[in-house]
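Participant: Predicted model and sequence below, questions to follow.
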Amino acid sequence: MLIKYLNKKIIRLRNSSKILKLLYYYHYLFCDKKLGNVGFDFTSKKSRLEVVQSIIEKKNFKKYLEIGCFDDELFNFVKCDKKVGIDPVSGGTVRATSDQFFAKNDEKFDCVFIDGLHEYHQVKKDIFNSLQSLNDGGIILLHDCLPNNYYEQATPRCQWIWNGDVWKAIVECRNLKDIDVYTCYADFGIGVIFKRPNKNLLDFFHKDYSKLKFEDYFHNNKKLMNIIEYEDLMKII
Ligand SMILES: C[S@@+](CC[C@H](N)C(=O)[O-])C[C@H]1O[C@@H](n2cnc3c(N)ncnc32)[C@H](O)[C@@H]1O
């Protein structure tokens with residue numbers, strides 16, 4: 001009870017405007033100011049609501065898990081026989097962090113949408129825990145995989161619009177033989193992980209993927225992230 005209360009307080013404090021401003025100046029000192037924007041434009045692309053629901057319908061999925069629900073915008077929209085939503089602060093059906101949930105969970109799901117704490121180490125844990133809880137033929141989706149500039153991906157978080165460094169976890173997964181990983185060009189980038197042999201293995205080994213540089217992503221995002229348009233993704237699902 002006390003741990004859940006403290007978790008809630010810490011998450012709220014980390015996202016307060018004064019703390020974000022301080023962290024923005026900290027990042028400003030160290031970032032490479034020449035790089036600017038990657039140039040992604042999601043305005044005419046599908047929303048995460050459309051992407052998630054169309055995948056559930058096409059695959060006839062029955063069990064949906066969402067990690068990080070906030071105000072339930074997506075969670076309420078999704079139509080699926082069984083839905084479980086995890087969030088330590090608001091929304092969903094289980095008041096817990098993803099780690100607390102997975103420590104006790106023995107259920108399997110067809111589709112998991114990972115959208116909790118957008119930091120590399122947590123996202124990586126969420127991916128591997130989700131793979132353990134995924135039915136054969138299931139799909140993992142991850143929000144916020146395509147940041148447009150340094151600040152949108154800087155950790156610790158320093159502004160309201162924030163994708164975090166989810167992209168680093170995707171790059172790491174792209175090097176694994178047993179999962180097939182894409183990033184759909186929609187709604188700030190939706191990572192897609194299939195539990196099947198990798199069809200486009202990335203040859204980009206790194207000892208510690210948390211240390212990847214924004215510059216690597218800025219110049220090589222198409223290849224590193226295996227970016228795919230929504231229409232092409234639906235053809236390979
Ligand atoms: C971007 S919002 C989710 C938005 C929602 N998925 C949607 O599409 O409408 C991120 C949420 O993740 C939650 N969160 C933060 N850390 C978490 C953790 N460790 N486990 C699960 N959820 C977490 C936050 O409380 C917040 O509500």
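Facilitator: Alright, I've got the coordinates.
Participant: Tell me how far the residue of the chain at minimum distance from the ligand lies from Asn220.
Facilitator: Here the chain gets closest to the ligand at one residue, Gly68, 2.7 Å apart by C-beta to the nearest ligand atom. C-betas here are computed from N, CA, C, even on glycine. Counting by C-beta to C-beta, to the nearest Å, the gap from Gly68 to Asn220 is 28 Å.
Participant: Check the residue of the chain closest to the ligand and give its pLDDT.
Facilitator: For Gly68, the model assigns a pLDDT of 98.
Participant: Quick check, it in contact with Leu117.
Facilitator: Yes: between Gly68 and Leu117 a contact is recorded at 7.3 Å, counting by C-beta atoms under 8 Å.
Participant: which residues are common contacts for those two?
Facilitator: Ser98 (C-beta atoms under 8 Å, 6 or more residues apart in numbering).
Participant: about what we covered before: tell me which of Gly68 and Asn220 has more neighbours.
Facilitator: Between Gly68 and Asn220, counted using other C-beta atoms under 10 Å, Gly68 has the larger neighbour count: 23 against 13.
Participant: Any figure for the gap between the more buried one and Asp99?
Facilitator: Taking C-beta to C-beta, one finds Gly68 at 12 Å from Asp99.
Participant: Using CSV, list the CA coordinates for the lengthiest strand in the chain.
Facilitator: When the chain is parsed with DSSP state E, its longest strand is strand 134-142. C-alpha atoms of strand 134-142 as CSV (Å, rounded to 0.1, in the frame of the first residue of the first chain):
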residue,chain,number,x,y,z
LEU,A,134,2.3,-13.8,-24.9
ASN,A,135,0.3,-16.5,-26.6
ASP,A,136,1.8,-18.1,-29.7
GLY,A,137,1.0,-15.9,-32.7
GLY,A,138,0.6,-12.9,-30.4
ILE,A,139,1.9,-9.4,-31.1
ILE,A,140,3.6,-6.8,-28.8
LEU,A,141,3.1,-3.1,-29.7
LEU,A,142,5.1,-0.2,-28.2
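Participant: still on that earlier bit, spit out the contact partners of the residue of the chain closest to the ligand.
Facilitator: Listed by C-beta under 8 Å, 6+ apart, the contact set of Gly68 reads 86-87, 98, 114-117.
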